[in-house]
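Trainee: With the input below, show me the fold.
(one chain, ligands or ions: 1)
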Amino acid sequence: MTIPAEPFRYEMLIDGRWAEARDGGRLTRESPAHGVLVGDYPLAGEADTDAAVAAARRAFEAGPWPRMSGAERSRLLLRVAEGIRAAAEELALVEVLESGKPISQARGEMAGAADLWAYAAALARTLHGDSYSTLGDDMLGLTLREPVGVVAMITPWNFPLLIISQKLPFALAAGCTAVVKPSELTPGTTLRLGRILQEAGLPDGVVNIVTGYGSPVGARLAAHPDVDMISFTGSTGVGRAVVAASAGNLKKVSLELGGKNPQIVFADADLEAALDAVVFGVAFNQGECCNSGSRLLVQRPIAEEFAAAVAERARAVPVGDPLDPATKVGAIVNQQQLDKILGYVASARDEGARLRAGGGRLASERGRFVEPTVFDYVTPAMAIAQEEIFGPVLAVLSFDTPEEAVALANGTLYGLSAGVWTRDLDTAMTLARGIRAGTVWVNTFMDGYPELSFGGYRESGLGRELGRFAVEEFTEQKTVQIHRGPRTSWWLPRA
Ligand code: NDP
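Mentor: Now for the predicted structure:
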């Protein structure tokens, strides 16, 4: 695969038409690995955002989409899944050029995204309410599931197409309409998804895509009185701002936020398997991953030896050009993120942690590459043990008992996910039950299935995506009570 000679040029999608920003503003993107321009997009402002919300509102109030049968919506979502599969190579290339992630991984993500659309298509036909025939002979109670309305979706740069595919098909399956704001760093695949939606036959205005900065576009969506729900994936800090902005009209809010996820390795584990998963867990997607296993908690008797083995493996990870199919770790998304990672490396040294591997930029490459980095002798109070770094930096801590491991695992403000490595069922259950996180993997790490719900405890989020209730997240429940026959209970005495 090669870098195109000219950057891809895009328009944004509002009310079924491809449009420039009203004031003609544009936004460009350089490949973080290659330093060349790869994308050129409209820079939306508040007026563009308002136009997108108005289109979604019209499509919801008067358009065909919310009124179609589940079967009709399902057929369209399946066509989108096929469209993603057909365009997978091109989508993967765009994702690599904008984000810096390795091509082999991007290809897997495109397959995963298509599968999410196919799963949502299946769910579209299963959405249903309940009936209650036990309320008395003359009363029937019904609960209906109705689409929540206009949903604004704000997504980050680390898994652009995959994350929008965890939201949009499920909202569409429910009959909602949407305004999507991808990260300004990686809008390309979301805009291309807009084309695929049109080719699949989605009515105008059902999905609108606006490209621009968090402020004003994201902030306007979060505060907009005509938006009924906001589905946000990003940092905990911005998540808080979204909640505050959404208070005006008391929107429904769903948040997928950051993590400081532990992998917990007991002495009795399959250590070879754990070793591979620990290095994968922290270095996957350059560590720019909400699920990054950025803390390793290792049982004391094996701590020295295991940390040394992790460091050795980390040094062997192929880092470099993300277009090379052999690359496992690509480039860091931008200078700000690179500075943040290197700042945490410096603070770990200052606080007395021991550097076992990496710790700097990759000297052999021009782009923004960071060596997979391992620190041991980390204590729970250190910044690298508490804060989300979003880079390939592992903090190693140790423990003696399962109870101590649970306390350490729960010792941050986050609660997104955790990995547990042991051959003992009792230990596995103690950890799986004791850890306050949305996902616990046992003897595996970071697998994902559309069938299984995903989301965070505490400051890692609010609500759940995926799983069989994923479509219900985008609905309101309405109660209908139907009385049969003559009125039986009179409020006023009858004349
Ligand atoms: P940010 O929170 O910085 O940005 C996320 C999105 O919010 C972007 O589209 C951004 O726009 C937008 N935004 C920024 N400011 C505002 C605002 N005031 N109001 C509304 N929207 C705004 O996250 P990153 O893009 O840096 O992504 C990394 C973060 O995402 C990490 O913390 C990571 O853990 C989290 N994440 C969580 C996942 C989960 O499922 N739990 C999955 C993946 C990532 P723009 O950047 O264009 O200005």
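
Trainee: count of residues packed around the closest residue to A223 other than its chain neighbours?
Mentor: Spatial nearest neighbour of A223, chain neighbours left out: A245 (4.3 Å); criterion: CB to CB, 6 or more residues apart in numbering. Quick note: C-beta positions are derived from backbone N, CA and C, even for glycine. For A245, the number of neighbouring residues by other CB atoms under 10 Å comes to 18.

Trainee: so what's A245 scoring on pLDDT?
Mentor: On pLDDT, A245 comes in at 97.

Trainee: does the residue nearest to the spatial centre of the chain sit in a helix or strand, and which one?
Mentor: By CA atoms, centre = their mean, the chain has its centre lying nearest to I163, at 4.3 Å. Taking DSSP states H and E as the criterion, I163 maps to helix 160-165.

Trainee: Output that helix as CSV, nothing but the C-alphas.
Mentor: Presented in CSV, the C-alpha positions along helix 160-165 are these (Å, rounded to 0.1, in the frame of the first residue of the first chain):
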residue,chain,number,x,y,z
PRO,A,160,-12.6,6.1,14.5
LEU,A,161,-14.7,3.7,12.4
LEU,A,162,-14.9,1.0,15.1
ILE,A,163,-16.2,3.4,17.7
ILE,A,164,-18.9,5.0,15.5
SER,A,165,-19.9,1.5,14.6
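
Trainee: and it, what does it pack onto?
Mentor: Other helices and strands packing on helix 160-165, by 3 or more CB pairs under 8 Å, 6 or more residues apart in numbering; DSSP states H and E, are helix 88-99, helix 103-124, helix 188-200.

Trainee: Please name the residues that touch the residue nearest to A223.
Mentor: For A245, the contacting residues are A219, A222, A223, by CB atoms under 8 Å, 6 or more residues apart in numbering.

Trainee: before we move on, what SS does it have?
Mentor: Using DSSP: H, G, I helix; E, B strand; the rest coil, the secondary structure recorded for A245 is helix.

Trainee: ok, it to A47 distance?
Mentor: Separation of A245 from A47 (CB to CB, to the nearest Å): 18 Å.

Trainee: R145 pairs with what?
Mentor: Beta-bridge partners recorded for R145 (DSSP bridges): Q477.

Trainee: Which residues are in contact with it?
Mentor: The contact partners of R145, by CB under 8 Å, 6+ apart, come to L127, H128, G129, A174, E472, T475, E476, Q477, K478.

Trainee: What is the burial count for the fourth one?
Mentor: Other residues within reach of A174 by the criterion other CB under 10 Å amount to 27.

Trainee: ok, and the closest non-adjacent residue to it?
Mentor: Using CB to CB, 6+ apart and skipping residues adjacent in sequence, the residue nearest A174 is F474, 4.0 Å away.

Trainee: What residues does that neighbour make contact with?
Mentor: Here F474 is in contact with P147, V148, V151, F170, A171, A173, A174, C176, M229 (CB under 8 Å, 6+ apart).

Trainee: Keep only those of these that are in helices.
Mentor: Counting by DSSP state H, the contacts of F474 place F170, A171, A173, A174 in helices.

Trainee: Count the neighbours of the first one for me.
Mentor: F170 sits with 29 neighbouring residues when counted by other CB under 10 Å.

Trainee: Hmm, L123 and it touching each other?
Mentor: Yes - using CB atoms under 8 Å, F170 is in contact with L123, at 7.1 Å.

Trainee: got the residues of the stretch 201-350 of the chain near the ligand?
Mentor: Residues of the stretch 201-350 of the chain that fall close to the ligand, judged by CB under 6 Å from any ligand atom: 213-215, 218-219, 222, 233-235, 238, 241-242, 256-259, 290.

Trainee: Export the contacts of F474 as CSV, with columns for pLDDT.
Mentor: Listed next are the contacts of F474 as CSV, based on pLDDT from 0 to 100:
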residue, pLDDT
P147, 98
V148, 98
V151, 98
F170, 98
A171, 98
A173, 98
A174, 98
C176, 98
M229, 98
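
Trainee: measure A44 to R220 for me?
Mentor: Applying CB to CB, the value for A44 to R220 is 9 Å.

Trainee: Neighbour count for those two, which is higher?
Mentor: Between A44 and R220, counted using other CB under 10 Å, A44 has the larger neighbour count: 29 against 26.

Trainee: if I pick the more buried one, what's in contact with it?
Mentor: In this structure, A44 makes contact with M12, A21, G25, A52, V210, T211, G212, V217, judged by CB under 8 Å, 6+ apart.

Trainee: excluding its backbone neighbours, what's nearest it?
Mentor: Per CB to CB, 6+ apart, closest to A44 is G212, 3.6 Å.

Trainee: what's the answer for V227, then?
Mentor: Nearest residue to V227, sequence neighbours excluded (CB to CB, 6+ apart): A152, at 4.6 Å.

Trainee: Repeat that for G194.
Mentor: Nearest non-adjacent residue to G194, counting by CB to CB, 6+ apart: L13, 4.1 Å away.

Trainee: Thought V370 was touching L342, still the case?
Mentor: Yes - between L342 and V370 a contact is recorded at 7.5 Å, counting by CB under 8 Å.

Trainee: if you go through the stretch 151-300 of the chain in chain order, where are the strands?
Mentor: According to DSSP state E, counting those that start in this stretch, the stretch 151-300 of the chain carries its strands in the segments 177-181, 207-209, 229-233, 252-256, 262-265, 295-299.

Trainee: okay if I get these as JSON lines plus mean neighbour count?
Mentor: Shown next, in JSON lines, are the strands of the stretch 151-300 of the chain (neighbours: other CB atoms under 10 Å):
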{"stretch": "strand 177-181", "mean neighbour count": "29"}
{"stretch": "strand 207-209", "mean neighbour count": "29"}
{"stretch": "strand 229-233", "mean neighbour count": "26"}
{"stretch": "strand 252-256", "mean neighbour count": "21"}
{"stretch": "strand 262-265", "mean neighbour count": "29"}
{"stretch": "strand 295-299", "mean neighbour count": "27"}
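
Trainee: With distance to F306 added, can I get the ones you listed in JSON lines?
Mentor: Shown next, in JSON lines, are those (distance: least, CB to CB, whole Å):
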{"stretch": "strand 177-181", "distance to F306": "43"}
{"stretch": "strand 207-209", "distance to F306": "46"}
{"stretch": "strand 229-233", "distance to F306": "33"}
{"stretch": "strand 252-256", "distance to F306": "31"}
{"stretch": "strand 262-265", "distance to F306": "6"}
{"stretch": "strand 295-299", "distance to F306": "5"}
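
Trainee: out of those strands, nearest to K101?
Mentor: strand 229-233 (16.4 Å; CB to CB).

Trainee: Just the buried residues of stretch 432-447, please?
Mentor: The neighbour-count check on stretch 432-447 (16 or more other CB atoms under 10 Å) flags G434, I435, A437, G438, T439, V440, W441, V442, F445, M446 as buried.

Trainee: residues contacting the nearest residue to the last one once chain neighbours are set aside?
Mentor: The spatially closest residue to M446, leaving aside those adjacent along the chain, is N291, at 5.3 Å (CB to CB, 6+ apart). With contact set as CB under 8 Å, 6+ apart, N291 has these partners: G259, N261, G281, L416, S417, T439, M446.
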